[in-house]
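> Here is the input, now give the coordinates:
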Amino acid sequence: MDHHLTRISKRISFTLRHHPDKIGINLDQYGRVDLNSFIRHFNQHYGTPISEPLIRKIMRQSDKQRYAIEGGTIRALYGHSIPVKPLTPPKTPPEVLYHGTTHAAARLIVDEGLKKMDRDFVHLSANRRMAVQVGKRRDPKPVIFQVEAQKAAKDGILFYPTESGVWLVDAMPATYLKIIQQ
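So this is what the prediction gives:
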């Protein structure tokens, strides 16, 4: 995806995940907003002409899958710092999931587990490659944790899948985590 589309994609994602109020929109309890209203408010605020075809083009070209158009609405798929409910009911996760992070954060995670910090959920990756990609956002050689997801689910932790291969949990105690790459 070219630089211009990437910049628009990040701006859309930022707005839907963190600051819908910045452009004067309100999300429903699941993080959705009417697509036409979103486009109108986005264009008025940023002066950037976006349209539904442009958003769909970004969605096709992006490997990040940051948001989705569902019927006449749009929503960020994950990464909210504002309270939203998951669209999907909890599901049984695969046997293992992964989490990529910085070396500094890993030292805390080993003792305290994964916490949602300033997000609505902890994000777990469906595969190691995704976890490495996520971890590299903040550390060129990230630490990768393997998560005993099915064991955690049997012990009562709820897992919410997203369309992009990210699994959401409220927290993940350290007992289910093992460093597999440093």
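> Out of the helices and strands in this structure, which is least certain?
strand 67-70 (a mean of 84; mean pLDDT, DSSP states H and E).
> what helices or strands is it leaning on?
The contact analysis (3 or more C-beta pairs under 8 Å, 6 or more residues apart in numbering; DSSP states H and E) places strand 67-70 against helix 3-17, helix 52-61, strand 73-76. Bear in mind the C-beta positions are built from the backbone N, C-alpha and C, glycine included.
> Comparing these, which stretch has the densest surroundings?
Mean neighbours per residue, mean count of other C-beta atoms under 10 Å, is largest over the helices and strands packed on strand 67-70 for strand 73-76, with a mean of 22.
> counting contacts, what elements does it pack onto?
Using 3+ C-beta pairs under 8 Å, 6+ apart: strand 73-76 touches helix 3-17, strand 32-34, helix 35-46, strand 67-70.
> how about JSON lines for the ones you listed, with distance to Thr175 added?
Output for the helices and strands packed on strand 73-76, formatted as JSON lines (distance: least, C-beta to C-beta, whole Å):
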{"stretch": "helix 3-17", "distance to Thr175": "30"}
{"stretch": "strand 32-34", "distance to Thr175": "35"}
{"stretch": "helix 35-46", "distance to Thr175": "41"}
{"stretch": "strand 67-70", "distance to Thr175": "34"}
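> between these, which one is nearest to Thr102?
Nearest to Thr102 among the helices and strands packed on strand 73-76 is helix 3-17; the distance by C-beta to C-beta comes to 20.6 Å.
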